[in-house]
Each structure stands twice: as C-alpha cells, then as structure tokens.
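**Q** Fold the following for me, if possible:
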Amino acid sequence: MEYLGYFASIIIGISLGLIGGGGSILTIPILVYLFKVNPDQATSYSLFIVGLTALFGSYSHYKMGNLKLKSALYFAVPSVISILIIREVIFPQIASTIFSIASYSVSKDFLIMIVFSILMITAAISMIKKNQSEIKSTETNYTQLSIIGFLVGIVTGFLGAGGGFLIIPALLFFAKLPMKQAVGTSLLIITINSSIGFGGDLYIGTPIDYTFLLGVSGMALLGMFIGSQLSKKIDGAKLKPLFGWFVLVMGFYIITKEVLF
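**A** Just a heads-up that it's a prediction; the model follows:
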C-alpha cells in the first residue's frame, strides 16, 4: 500500500499545480488509508506536505506574474489567526473519545474523517458546478475577503486542509482576479496558512517522522512540477469537474468505510 501511497502523492502536486487547490483534499485520505497514519497526526503531516508543495507552486506562478500580494495578505492574515486559535487552543482540548452511547463511541479520529468526508463532498459539488471564471467588475471587496479568510482558517486548523477549493472562489468573486491569478495567489495563501499551522504543531510538541514526511513531500513536489508544466498548456478550470467527480466518490467512500467498517 505504501508504494500506491507514494504514487498517489504525485496527484496531490498535480492538482495544486493545475487548479490551485484540491491537494489537501487528497492528502488526508492518502495518509490515513494508504500510509496508515493516525488521523490526528495526519492533519499535521498534511499541513507540511501541502504547504511545501504550494510554496514551490507559488514561486512558479510568481515568475509568471500570477501573484497578487495585497489580496493574499488580506486573506491570509485573518486566516492565520483562526488557524492558531483552532490548532493551539481548541484542537488539543478535544478528547480522544468525544462521547459514548452503550457500546458505541465516537472518537476524535472518527470525527475528523467524517467531517473531512463531508468537506470533500461539498468541495466536489463546487468543482462540478459550472462557475464563471472571469469577473468583469474590478473593485475588490477586502472586508468580505478577510471574513472568508478567517473561515477558511478554521477549516485549515481543524482538518489540516489548505482550503484551495474555498480560496479560489473567494479570490474570483471578492478579489476579482482572473482564474490564473486566483490559482497563483491561492497557492501563496495555502503556503502561509499551512506553514503557520505546522509551525504551531511543532511548538506544542507534535511528534514528526521527517524521513517519511520528506519522502511523501518529494513525490508531491514532482507532481507540482508536472502540474505547473501542464497548466501552461491546459486550462485547469476545464479539469475541475472531472477532479470534482473523483473527490465526490472518495468522500462517499470515506463515510462508508468509517461508518460501516
């Protein structure tokens, strides 16, 4: 299963390189089901893998002139605040077993995977739906952009997900960015969010297997390189619906596996 996991890690990078999101949606299931990492720890690992991969992707988009720093900062600063609140204050306080009814108990790991699967299904639906990729208005609503940033930070903090599938629409509709600039700016925001989240985990002493983590990250970076090259020839927006159907199936698979098995 590990070989399959390393191969699947390439897809994380390809997704980030092509459509500016979706990588973290795949990272948690890959870590939990293929590498058998505990879901709690998988959220930390996901932050590192996605953050490092997005860093290289954002640099590639910087060279192409696709980064909008002001929009990224208005989004990222409130996002970082909510990430730190969730990961350093709230998340450690959640008990391993949340509640029990007779012989049935709901664990923290179970809750993480169920909430994540619901998030996957929601993200998949947004990817499948046809959205307008270019916005004619040029006035950026920085207040709404910051509010969305704070909310995305909650998702990133709890699930270790970069939130690219939420960041892209926010940049399109509130920052009024064209699709390619939204993708590049999204990668920069994911880099900032994930780095801060992972740094917070190191601060509170989360155990990290760096050899394993760097191996998976290396494969994801290979995927990012492939995705960045493909993005020059393929419109990522056209691939979103196909990727969305894949994520949708995975979301229902996780719910079925967690509830029935």
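
**Q** hey, let's count contacts and neighbours off CA atoms from now on
**A** Noted.

**Q** Does Ala124 touch Val247 like I think?
**A** Yes: using Cα atoms under 8 Å, Ala124 makes contact with Val247 at a distance of 5.6 Å.

**Q** in the stretch 51-200 of the chain, which spans are strands?
**A** Ranges of strands in the stretch 51-200 of the chain, per DSSP state E, counting those that start in this stretch, are 97-101, 104-107.

**Q** and those strands as TSV, adding distance to Gly17?
**A** Shown next, in TSV, are those (distance: least, Cα to Cα, whole Å):
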stretch	distance to Gly17
strand 97-101	37
strand 104-107	34
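
**Q** Output those in a markdown table, with distance to Thr140 and mean pLDDT appended to each entry.
**A** Formatted as a markdown table, the strands of the stretch 51-200 of the chain follow (distance: least, Cα to Cα, whole Å; pLDDT from 0 to 100):
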| stretch | distance to Thr140 | mean pLDDT |
| --- | --- | --- |
| strand 97-101 | 42 | 75 |
| strand 104-107 | 42 | 75 |
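
**Q** and the gap between the residue lying closest to Ser96 once chain neighbours are set aside and Phe158?
**A** Leaving out its chain neighbours, the residue that sits closest to Ser96 by Cα to Cα, 6 or more residues apart in numbering is Lys108, at 5.0 Å. Separation of Lys108 from Phe158 (Cα to Cα, to the nearest Å) stands at 11 Å.

**Q** Looking at those two, which is more packed in?
**A** Phe158 (22 against 17; other Cα atoms under 10 Å).

**Q** Tell me the pLDDT of the more buried one.
**A** The score at Phe158 is 78. That number is its pLDDT.

**Q** and if you look at the one 4 residues further on?
**A** The predicted local confidence for Gly162 comes out at a pLDDT of 60.

**Q** ok, now Ile204?
**A** Looking at Ile204, its pLDDT stands at 79.

**Q** how far away is the closest residue in space to it that isn't next to it in sequence from Lys68?
**A** Excluding the flanking residues, the one nearest Ile204 by Cα to Cα, 6+ apart is Glu88, at 7.4 Å. Between Glu88 and Lys68 the computed distance is 29 Å (Cα to Cα).

**Q** do Ser217 as well
**A** 26 Å.

**Q** Of the two, which one has the most company?
**A** Higher neighbour count among Ser217 and Lys68: Ser217, with 25 against 18, using other Cα under 10 Å.

**Q** With only the CA atoms kept, save whichever strand or helix holds the more buried one in PDB.
**A** Assigned by DSSP states H and E, Ser217 belongs to helix 210-231. What follows is helix 210-231 as a C-alpha-only set of coordinates in PDB (Å, rounded to 0.1, in the frame of the first residue of the first chain):
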ATOM      1  CA  TYR A 210      10.700  13.700   9.000                       C
ATOM      2  CA  THR A 211      12.100  10.900   6.800                       C
ATOM      3  CA  PHE A 212       8.600   9.700   5.900                       C
ATOM      4  CA  LEU A 213       7.300  13.300   5.600                       C
ATOM      5  CA  LEU A 214      10.100  14.400   3.200                       C
ATOM      6  CA  GLY A 215       9.600  11.300   1.100                       C
ATOM      7  CA  VAL A 216       5.900  12.000   0.600                       C
ATOM      8  CA  SER A 217       6.600  15.700   0.100                       C
ATOM      9  CA  GLY A 218       9.200  14.900  -2.600                       C
ATOM     10  CA  MET A 219       6.600  12.900  -4.600                       C
ATOM     11  CA  ALA A 220       4.100  15.800  -4.200                       C
ATOM     12  CA  LEU A 221       6.700  18.200  -5.400                       C
ATOM     13  CA  LEU A 222       7.300  16.100  -8.500                       C
ATOM     14  CA  GLY A 223       3.500  16.300  -9.100                       C
ATOM     15  CA  MET A 224       3.600  20.000  -8.600                       C
ATOM     16  CA  PHE A 225       6.300  20.300 -11.300                       C
ATOM     17  CA  ILE A 226       4.200  18.200 -13.700                       C
ATOM     18  CA  GLY A 227       1.100  20.200 -12.900                       C
ATOM     19  CA  SER A 228       2.800  23.600 -13.300                       C
ATOM     20  CA  GLN A 229       4.100  22.500 -16.800                       C
ATOM     21  CA  LEU A 230       0.600  21.200 -17.700                       C
ATOM     22  CA  SER A 231      -1.000  24.400 -16.600                       C
END
